[in-house]
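Engineer: predicted model, plus sequence, below.
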Amino acid sequence: MERKVKVAAVSYLNTKPLLYGFREHPVLRNMELTADYPAKIAAQLIDGTVDVGLVPVAIIPKLKESHIISDFCIGAEGPVASVCLFSEVPLKDIKRIFLDYQSRTSVALLKVLVREYWKLDVEFVETTGDYQHLITGTDAGLVIGDRALEQRLISSFIFDLAEHWIRFTSLPFVFAAWISNKPLPIEFIQQFNDANAIGLNNIPAVVAENTYGPYDLTVYYTKNVSYRLTPSKRQGLQRFLAYLQ
Ligand SMILES: C=C(O[C@@H]1C=C(C(=O)O)C=C[C@H]1O)C(=O)O
């Protein structure tokens, strides 16, 4: 490839370990990196503004061409902490759920759990800007990312979507994966994966440069988010995509 590969990453704390190793890495000679919230990155990969994105897996069916180019992802093998349904009442009493405009996968996952697992009769409400303050009474809200880690300190009830998916299916979950919308040179992919691994092998250093009060990032990076796209995660991904058809 003559021109630089355009790569878009998620701008949340969950992605810091994956991006840590890119600084001063030779792969940067061949790529340019931007960051945004997941729904934006999905739109950029679909419309071709970028070549690679850490995109919500729920948009895979919307891509004409897609290649998972990495064995690293944003996944979970237990509670993920940052993708939760928050409420002031138990599940059975929830009447409406505000959906997170920044998310694609978790919105789809929530709908699968509501329909197939919890079997709730609720109304979904789209959002376009801040809505967390509307989580009161029988109105619940799906919140993802750093804002979810902050909402944990506020809401009375927290339903972790990864934890409930695992109870439902006995399979781990993948929220986002590095996906390209065109074939890329193998040398680039190897360098790209090498850069991803550096931060994961240096979690204390990643934590040390991110001061964050609301949640323990060592726990988040080592116990909650699970970054390896293992065969069982791929199985969980296939199972999830089958629900979206
Ligand atoms: C674990 C998370 O996974 C994310 C959830 C996504 C989604 O719902 O579309 C997309 C990317 C990930 O950042 C999180 O954001 O907290």
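Structural biologist: Nice, thanks for sending it over.

Engineer: going forward, measure contacts and count neighbours with C-alpha atoms only.
Structural biologist: Fine.

Engineer: is it fair to say Asn17 lies in a strand?
Structural biologist: Asn isn't right for residue 17; it's Pro. No. The assignment for Pro17 is helix, going by DSSP: H, G, I helix; E, B strand; the rest coil, so no strand is present there.

Engineer: ok, now which ones touch it?
Structural biologist: With contacts defined as CA atoms under 8 Å, 6 or more residues apart in numbering, the neighbours of Pro17 are Asn196, Ile198, Gly199, Leu200, Ile203, Val206, Tyr221.

Engineer: tabulate those residues (TSV), appending neighbour count.
Structural biologist: Output for the contacts of Pro17, formatted as TSV (neighbours: other CA atoms under 10 Å):
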residue	neighbour count
Asn196	24
Ile198	18
Gly199	21
Leu200	22
Ile203	17
Val206	22
Tyr221	22
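
Engineer: go through these and flag which are in helices.
Structural biologist: Mapping the contacts of Pro17 onto helices (DSSP state H) picks out Asn196, Ile198, Gly199, Leu200, Ile203, Val206.

Engineer: how about those in CSV, adding distance to Leu13 and pLDDT?
Structural biologist: Converted to CSV, the ones in helices among the contacts of Pro17 look like this (distance: CA to CA, whole Å; pLDDT from 0 to 100):
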residue, distance to Leu13, pLDDT
Asn196, 15, 98
Ile198, 16, 98
Gly199, 13, 98
Leu200, 13, 98
Ile203, 12, 98
Val206, 10, 98
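
Engineer: what's the top strand by length along the chain packed up against?
Structural biologist: Identified as the longest strand of the chain according to DSSP state E is strand 67-76. If you count contacts as 3 or more CA pairs under 8 Å, 6 or more residues apart in numbering; DSSP states H and E, strand 67-76 packs onto strand 173-180, helix 186-200, strand 225-228.

Engineer: for His67, see how far away Phe22 is.
Structural biologist: For Phe22, the distance to His67 (CA to CA, to the nearest Å) stands at 21 Å.

Engineer: of those two, which one has the most company?
Structural biologist: Between Phe22 and His67, counted using other CA atoms under 10 Å, the more crowded position is Phe22 (19 against 16).

Engineer: separation between that one and Val207?
Structural biologist: Distance of Phe22 to Val207, computed by CA to CA: 16 Å.

Engineer: list the buried ones in the longest strand of the chain?
Structural biologist: By neighbour count, and taking 16 or more other CA atoms under 10 Å as the criterion, the buried residues in strand 67-76 are His67, Ile68, Ile69, Ser70, Phe72, Cys73, Ile74, Gly75, Ala76.

Engineer: same check, this time on stretch 202-210
Structural biologist: Ile203, Val206, Val207.

Engineer: just these now: which is nearest Leu237?
Structural biologist: Closest approach between those and Leu237, by CA to CA: Ile203, at 25.6 Å.

Engineer: quick check: the closest one touching Thr218?
Structural biologist: Yes. With contact defined as CA atoms under 8 Å, Ile203 reaches Thr218; the gap is 7.3 Å.

Engineer: wait, does stretch 28-44 contact the ligand?
Structural biologist: Yes. For a cut-off given as CA under 6 Å from any ligand atom, stretch 28-44 has contacts with the ligand, namely Pro38.

Engineer: what average pLDDT does that stretch get?
Structural biologist: Taken as a whole, stretch 28-44 carries a mean pLDDT of 98.

Engineer: related to what we said a few turns ago, the longest strand of the chain versus helix 186-200: what angle between them?
Structural biologist: Angle, strand 67-76 to helix 186-200, by axes from the mean of the first three to the mean of the last three CA atoms, to 10 degrees: 10 degrees.
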